[in-house]
Structures are given as structure tokens and as C-alpha cells.
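[1] The following comprises the amino acid sequence and a computationally predicted model.
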Amino acid sequence: MDEDDPIEFSSSTTECKLTTQATATDLQHGVEKELDVVDPHSFFGCFVVSPHNTVVMIRPIPSETTSGHWTFPKGPPDEGEDPVAAASRESMEATGVLVEPGTIHSEVCRTVGCSVVEKMHHDTWKKHPTYPNELQRPTLCYHKQVTYYLAEVDEESPDVGPNNETIEVEWVPMKQVLKRLQHDKEKEVAIFFHGVQTGRTLSNALNRASLLHNVGRKKGSVHSTLSSDDPPAAKEEVVTVQPLSFDATFVPTTFTATYCSQYLSKYLGVVNNPRAPATPRHRILWSFVGSFLGIFVLAMLNFLVVHDVDYVTIVGSFGAHAVLVFAAPHSPLAQPWNAIVGNVVSAFVGVTCFKLVGESIPSENVETLLGTHGMNWIAAPLAVSLAITFQFVTSSLHPPGGAMALIATIAGPSVKRTGYWYVLVPGLLGSLVQVGLGIVVNNVSRDEQRRYPRQWKPAFFPNLMKKMK
């Protein structure tokens, strides 16, 4: 590691620890020496954005204190200088862009810090007693804290260019900013200001909860983690760096815009989500055969066996039931426990909701608790939502079960007259027929994907048995 490279904190939290007494090894010369800890260094700069969505970036001239990587303009304040004024002056001196204090949003800023270990500057070292012995040149340790403000200028200044402080100065498109930055904390700054400016997500660099939690807190508060009785070598100062500083009026606008942007982006689907491969022809053929036989048997029972009786053996939900059992036999939702128990539980819930909340049909001898004052428009959604709830409770989630519950509340008199018999016929009978045929037909194929069933026991059964023992 070079002498001028800063030591970045690996933690992503906003608390950075600065040890006031430390001992480190000078890797270059192999000499162990005590580090001189100096006062924290505060710098101020600007994230300057143009109407063309470009950001001004600089490459400082490499020196003992700068590495020469691409970064944003910043520098120390003059004595008694206001932070915003210092950020404006440093930005103009480094870039040539007219960044007046009026273009700076002082309420939108980002403060980052790091611990820096470096050799004493050559000009300062000349006045030190160890000069000119390089081996005894003091190594300094200090906390460097940089506060960036968002600045929006009206146009890109055409006269930007290198000066006595920089090698290069450029207006860089926003998409290329992260590629040029070297340090993670500067990348967080870029992500943060880009999110604030566009009203979009602040990415993982900012936790939305901490954004709201830190409103009104004092920035840069310092507290001691140990009592004054502790030895000096063990004392630590904790420098709390707020992730954001702004007026309270800034929060609702940015938070709302961020949430709405995230919500609407979900409409576009998952980016680069791999598409399902084409289904082999033999699977399509076996799905056709199995579903035909399953519905054929139920239809024969309905129209040839029980057509003179007030019972039905086939309802619309068995179409979806056939899709799962014969087209997706590997699905957890198609396994026998789900297919049978899910339908039976849902049928029971549907009939119960109709009898409690539904509207009676006196002419068809269909009675309910509320009689003619019943509300089918409440019974229907209540039946489906409760059916899903009980499916979760019994580990028998089965989509056709929702339709089974709904049919019990909205079907005609021929279904409603059967009452709780609807749970057994068609609920239980139809499920047993389709699952039985699924076991026979699906296993005829040599395709391992069509092996049915994959499991008989529900998900909660092993845990239940352990508790009973």
C-alpha cells in the first residue's frame, strides 16, 4: 500500500472509530514506530451537476497527499470560512466552473470519512528535528472527513481544464462516474446525489429507515466510549457521520418519489429474468392424455351416473386441478396432500361462509343465517380469503381450492342445495379421482419430471410427529 493511500473503513455503518493512541509498523522500512495523531481534517466540496446530466470531475496532480485518481473537487476551508463558501471556492479553483454559493443546495449534503496514515508532508518535515533522516520521518494518523454539497449549474462551462492543482478536468456523464471513482465511499456519494437529483432509489448506499431516523439529529456529534479513568492509550473517540443533512421539508418529497419510483419499476418485471425453456413434446402429449382422462371420468359420473340426483361431481375448479396434477406433477402445489386436503378444506370454508353470510333462496329451499338479507358480495371474497388462510395453516396450499370455495358461494341452486355434501361430492370425490389417475398416468412415462407423487406427507408432518413423541 502506498503511503498516500487512505485506509478505508470496511464497515458500511455511519460510525467510524478513530483511535487516539496507536502503534503500527512502517511496512516500507520495516521499522516499528509510534504514530503521531493529529486533529481531524475537514474538507468541503461539491457534486456539481449540469442540465445535461453530467458531473464535473478532476484528477489531482499526484503528490504526498493525493493519489491522482478521479474524484470530485474539494479542499480545506480558510480560517473562519463558512463550509458552503469553502465548497464553492474549492470547486471553482479546481475546475474553473462558476459554482456560486447560490447554486449549492446546502440542505442536501453527504459526509464521509476515513482514517489516513501517511508520512509528514515534506515542507512540514523540513522544520522537524528528524529532518533529513528519512527513516525517522514522522508518520501521521488522522481522521479525514469530507462533506460534499449538491450544486446544480445552468450550463457546462466550456473553459474547464487542468490548472496548477489538476491534471484533467472533465464533464463526465452520470453513467460513467462510478467507473472512474476508485474509493467505495466516493461511489456512495455519487449514488446518493444521483438518487436525490433524479428522485429515484438511493440504492443500498442509503437505508431508507436511517434516512428518516436521522432527521433533526446533530451532524458530527462526538462522544467518548470510555470513562475518563481509562488509560489514554485505550481511549477512543467515535465520530458519528450522518448519512444525510437536509431540511425537514426535503424528506417527504424525496421519500415519496423514491417509493413511487420503486413501486412503478416493479411493473416492468425482473430484469434479465431467464425464460423457461420450451416444453418437450412428450410432456405435452402426456399432459393432454392425463387431463383428458381426469375430466372424462368426472364428466361421466356427473352426466351418466348422478344426473337424476341433486349432486354434481364436476365443477370449474377441477379444470385448474387437472393442470397442476397432469401438466405440473412436480409442483409442490400438486402433491396429493395439497390436492385433496386443499380442496376439501376450501369446500368446507366456502359452504360455511355462504350459510353464515350468503343470501337464501326460498324458492329452491336454500336457507342461510341472514335469510334474504344475506350478502353474497361479502360471502364470496370472505370464502376465498379464509380458504387461503386455512390452506396455509394445514400446509395444503392449492390454487384450485380458492375456486372451490368461491363456487360454493356464487354457484346456482343445484350446488347450493347440496349444503355440506358439497365438501364430499364433488370436493373429496373429484380430488381422489384426479389424484388417483395422476398416479397411474404420470408414472407410465419414463420422464423423471413426471414422477408422481413427489411426497405424501405435508410439510408440517415431521415436526408434528416429533412434538407428539
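    Arrived safely.
[2] check contacts around residue 452.
    325, 329, 330, 334, 438, 439, 442, 443 (CB atoms under 8 Å, 6 or more residues apart in numbering). Bear in mind the C-beta positions are built from the backbone N, C-alpha and C, glycine included.
[3] As TSV, those residues with distance to residue 55 and neighbour count would be great.
    Below are the contacts of residue 452 laid out as TSV (distance: CB to CB, whole Å; neighbours: other CB atoms under 10 Å):
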residue	distance to residue 55	neighbour count
325	58	32
329	56	26
330	51	14
334	54	26
438	61	27
439	64	14
442	60	23
443	63	14
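[4] What is the longest strand seen in the chain packed up against?
    Ranked by residue count under DSSP state E, the longest strand found in the chain is strand 104-119. Packing partners of strand 104-119 (3 or more CB pairs under 8 Å, 6 or more residues apart in numbering; DSSP states H and E): strand 15-19, strand 41-49, helix 83-95, strand 139-152, helix 184-198.
[5] now, of these, which is deepest in the fold?
    Mean neighbour count (mean count of other CB atoms under 10 Å) peaks for strand 41-49 among those, with a mean of 24.
[6] Which SSE is immediately downstream of it?
    Counting by DSSP states H and E, the element after strand 41-49 in chain order, helix or strand, is strand 54-60.
[7] Can you give the contact residues for that following strand?
    In contact with strand 54-60 (CB under 8 Å, 6+ apart) are residues 47-50, 66-73, 91, 94-95, 97, 156, 160, 165-174, 177, 180, 190.
[8] List buried residues within the residues you listed.
    47-50, 70-73, 91, 94-95, 97, 160, 165-166, 169-172, 174, 177, 180, 190 (16 or more other CB atoms under 10 Å).
[9] what is the mean pLDDT for the strand or helix carrying residue 322?
    Using DSSP H and E, the element containing residue 322 is helix 317-322. Mean pLDDT, computed over helix 317-322, is 96.
[10] now stretch 187-202
    71.
[11] Likewise for stretch 443-452?
    91.
[12] List every C-alpha atom in it, with coordinates, as PDB.
    Extracted in PDB, the C-alpha atoms of stretch 443-452 (Å, rounded to 0.1, in the frame of the first residue of the first chain):
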ATOM      1  CA  ASN A 443     -45.800 -42.700 -13.900                       C
ATOM      2  CA  VAL A 444     -46.300 -44.500 -17.200                       C
ATOM      3  CA  SER A 445     -43.900 -42.000 -18.800                       C
ATOM      4  CA  ARG A 446     -40.200 -42.600 -18.300                       C
ATOM      5  CA  ASP A 447     -39.700 -38.900 -17.800                       C
ATOM      6  CA  GLU A 448     -38.400 -38.400 -14.300                       C
ATOM      7  CA  GLN A 449     -40.000 -35.000 -14.200                       C
ATOM      8  CA  ARG A 450     -43.400 -36.600 -14.400                       C
ATOM      9  CA  ARG A 451     -42.900 -38.900 -11.400                       C
ATOM     10  CA  TYR A 452     -45.900 -38.500  -9.200                       C
END
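[13] and it, how far from the chain's centre?
    Distance, stretch centre to chain centre, for stretch 443-452: 38 Å (CA atoms, centre = their mean, to the nearest Å).
[14] List the buried residues of that stretch.
    Of the residues in stretch 443-452, 445, 450, 452 count as buried by neighbour count, 16+ other CB under 10 Å.
[15] For residue 320, state which of the residues you listed is nearest.
    For those, the closest approach to residue 320 (CB to CB) belongs to residue 452, at 16.9 Å.
[16] On the three-state scheme, the closest one is what?
    Following DSSP: H, G, I helix; E, B strand; the rest coil, we place residue 452 in the coil state.
[17] For the chain, which residues score under the pLDDT cut-off?
    Low-confidence segments of the chain, defined by pLDDT under 70, span residues 1-40, 63-67, 115-118, 121-123, 141-142, 158-159, 197-257, 270-274, 308, 459-469.
[18] My read is that residue 376 contacts residue 359, right?
    Yes: counting by CB atoms under 8 Å, residue 376 touches residue 359, with 5.2 Å between them.
[19] Compare those two (neighbour count), which wins?
    When neighbours are counted by other CB atoms under 10 Å, residue 359 comes out ahead of the other of residue 376 and residue 359, with 17 against 14.
[20] Next, the contact list for the more buried one, please.
    So residue 359 contacts 368, 370, 371, 372, 373, 374, 375, 376 (CB under 8 Å, 6+ apart).
[21] Using CSV, please lay out these together with secondary structure.
    CSV is the format used below for the contacts of residue 359 (three-state DSSP):
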residue, secondary structure
368, coil
370, coil
371, helix
372, helix
373, helix
374, coil
375, coil
376, helix
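[22] Greatest separation within those residues: which pair is it?
    Of all pairs in the contacts of residue 359, the most separated under CB to CB is 371 and 376 at 12.6 Å.
[23] I'd like the next helix or strand past the helix or strand hosting residue 377.
    Taking DSSP H and E as the criterion, residue 377 maps to helix 376-393. Where DSSP H and E defines the elements, the next helix or strand beyond helix 376-393 is helix 399-410.
[24] Pull out the buried residues from that following helix.
    Going by neighbour count (16+ other CB under 10 Å), the buried part of helix 399-410 is 399, 400, 401, 402, 403, 404, 405, 406, 407, 408, 409, 410.
[25] number of nearby residues for the closest residue to the last one other than its chain neighbours?
    The spatial neighbour of residue 410 that comes closest, neighbours along the chain excluded (CB to CB, 6 or more residues apart in numbering), is residue 380 at 5.6 Å. Burial of residue 380, expressed as a neighbour count using other CB under 10 Å, amounts to 21.
[26] My understanding was that residue 380 contacts residue 406; is that so?
    Yes: in this structure, residue 380 is within contact of residue 406 by CB under 8 Å, at 6.0 Å.
[27] Am I right that residue 291 is in a helix?
    Yes: assessed with three-state DSSP, residue 291 lies in a helix.
[28] residues contacting the residue nearest to residue 182 when sequence neighbours are not counted?
    Leaving aside its sequence neighbours, residue 182 sits nearest to residue 69 (CB to CB, 6+ apart; 4.3 Å). Shown in contact with residue 69 (CB under 8 Å, 6+ apart): 59, 181, 182, 183.
[29] again, only using 10 Å
    5, 58, 59, 60, 62, 180, 181, 182, 183, 186 (CB atoms under 10 Å, 6 or more residues apart in numbering).
[30] before we move on, the earlier item: quick one: contacts of the helix holding residue 322?
    Residues from elsewhere that reach helix 317-322 (CB under 10 Å, 6+ apart): 287, 290-295, 298-299, 315, 325, 334, 339, 342-343, 346-347, 398-407, 426-427, 430-431, 433-435, 437-438.
[31] Pull out the C-alpha coordinates of it and format them as PDB.
    The C-alpha trace of helix 317-322 is given here as PDB (Å, rounded to 0.1, in the frame of the first residue of the first chain):
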ATOM      1  CA  SER A 317     -62.100 -25.700 -10.200                       C
ATOM      2  CA  PHE A 318     -61.300 -29.200 -11.400                       C
ATOM      3  CA  GLY A 319     -60.000 -27.700 -14.700                       C
ATOM      4  CA  ALA A 320     -57.300 -26.000 -12.800                       C
ATOM      5  CA  HIS A 321     -56.800 -29.100 -10.700                       C
ATOM      6  CA  ALA A 322     -56.100 -31.100 -13.800                       C
END
